[in-house]
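Novice: Predicted structure and sequence below. I'll ask about it afterward.
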Amino acid sequence: MLEALPAALDTVMDGDIRNELYKLRPRIAKGSSLTDALPGVGYVTDERLIQFARTGEASGKLPEMLLRHTRMETESINGFLEQLALWTPRVIYGAVAAWMAYGLLSGGGFMPNLPN
């Protein structure tokens, strides 16, 4: 684990996340398992990730379990982005339609004022 950690950290593009994950190295160097080292690291707030790591370490299939968790997270993020792309135009169109209706109803759009 200690040998693989630097290579794994090099794949993290975000500097803040990488700095937080560097906290794993001293904990693992002291003999902690990945499962024991994960709590307390910023950005690692998903209990499911810790459970996947625990299961992977216990079964000897840690890479497969972490890959499975990564796939699940990717699907979740992609699902959110799809919903955002689907609903954002609808919300904007609805807001524009409501604004236009308000302008027509409150500004005399149906009953214009005639000059005196």
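Specialist: Received, thanks.

Novice: hey, where'd the helices end up in the protein?
Specialist: 4-10, 15-21, 24-29, 34-37, 47-59, 62-106 (DSSP state H).

Novice: Would you mind giving these as JSON lines with mean pLDDT and mean neighbour count added?
Specialist: In this view, the C-beta of every residue, glycine as well, is placed from N, C-alpha and C. Formatted as JSON lines, the helices of the chain follow (pLDDT from 0 to 100; neighbours: other Cβ atoms under 10 Å):
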{"stretch": "helix 4-10", "mean pLDDT": "85", "mean neighbour count": "12"}
{"stretch": "helix 15-21", "mean pLDDT": "88", "mean neighbour count": "14"}
{"stretch": "helix 24-29", "mean pLDDT": "88", "mean neighbour count": "15"}
{"stretch": "helix 34-37", "mean pLDDT": "88", "mean neighbour count": "19"}
{"stretch": "helix 47-59", "mean pLDDT": "92", "mean neighbour count": "15"}
{"stretch": "helix 62-106", "mean pLDDT": "94", "mean neighbour count": "11"}
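
Novice: so how far is Val41 from the residue most central in space within the chain?
Specialist: Geometric centre of the chain, nearest residue: Ile77, 5.9 Å, by Cα atoms, centre = their mean. Per Cβ to Cβ, to the nearest Å, Ile77 is found 20 Å from Val41.

Novice: go on, Pro6?
Specialist: From Pro6 across to Val41, the span is 16 Å (Cβ to Cβ).

Novice: again with Leu86
Specialist: Going from Leu86 to Val41 by Cβ to Cβ gives 34 Å.

Novice: ok, now Leu34?
Specialist: Distance from Leu34 to Val41, by Cβ to Cβ: 10 Å.

Novice: shared neighbours of the two, which are they?
Specialist: Leu24 (Cβ atoms under 8 Å, 6 or more residues apart in numbering).
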